[in-house]
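Participant: all I have is the shape, not the residue letters:
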Ligand SMILES: [Zn+2]
Ligand SMILES: [Zn+2]
């Protein structure tokens, strides 16, 4: 069962990578080895990594690649709409390979960010913001709580205290 899931997610990742490469070309961004390596790491990392995390991951493969270049490429990707910046309560920006409508489960303890796809959330009735002189173009729902790993850690800490 788990094997089937991982095969499936590998297929999804390959498809997503192709899609990202294609949108790079469509946006007129040449697929340099640096850009390609970053796209690959982005697809592999299902955890909405920060620029710093991506730099560490890509650095292993392309040691000559500077931090500044990684940051610049990520900003180019975002500006071209190839990837998105995800709103996150943590200090650093997090990058998202999914630009289509979806929502996030954000862990308040480890700051992990997991995609959630849900029709009810997609159809949330947006308020009239005319009085605020604000024009809504997009929205994402962020559900905050604790991931499985952190729930376990918290329970353990409570148990130790008793
Ligand atoms: Zn957590
Ligand atoms: Zn996401």
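Facilitator: Right, received. Where do you want to start? Quantities reported herein were computed from a predicted structural model and do not represent experimental measurements. Numbers count the residues shown, from 1 in each chain. Ligands and ions are numbered 1, 2, ... in the order given.
Participant: how near is residue 21 to residue 132?
Facilitator: 39 Å (C-beta to C-beta, to the nearest Å). For every residue, glycine as well, the C-beta is placed using N, CA and C.
Participant: actually residue 85, not the one I wrote
Facilitator: 23 Å.
Participant: got it, and residue 9?
Facilitator: Residue 9 is 41 Å from residue 132, by C-beta to C-beta.
Participant: separation between residue 77 and ligand 2?
Facilitator: Per C-beta to the ion, to the nearest Å, residue 77 is found 14 Å from ligand 2.
Participant: domain map for the chain?
Facilitator: 2-94, 101-161 (automatic domain parsing).
Participant: mean pLDDT and mean neighbour count for those domains - can I get that in TSV?
Facilitator: Shown next, in TSV, are the domains of the chain (pLDDT from 0 to 100; neighbours: other C-beta atoms under 10 Å):
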stretch	mean pLDDT	mean neighbour count
domain 2-94	88	15
domain 101-161	93	12
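Participant: look through the protein and tell me its longest helix.
Facilitator: helix 2-26 (DSSP state H).
Participant: does it reach ligand 2?
Facilitator: No - using C-beta under 5 Å from the ion, helix 2-26 never reaches ligand 2; the gap is at least 11.9 Å.
Participant: which other helices and strands contact the helix or strand following that helix?
Facilitator: Downstream of helix 2-26, the next assigned helix or strand under DSSP states H and E is helix 33-44. Helices and strands touching helix 33-44, as assessed by 3 or more C-beta pairs under 8 Å, 6 or more residues apart in numbering; DSSP states H and E, comprise helix 2-26, helix 51-59, helix 67-79.
Participant: so residue 58 sits against residue 39, correct?
Facilitator: No - Residue 58 is not in contact with residue 39 according to C-beta atoms under 8 Å; the separation is 10.0 Å.
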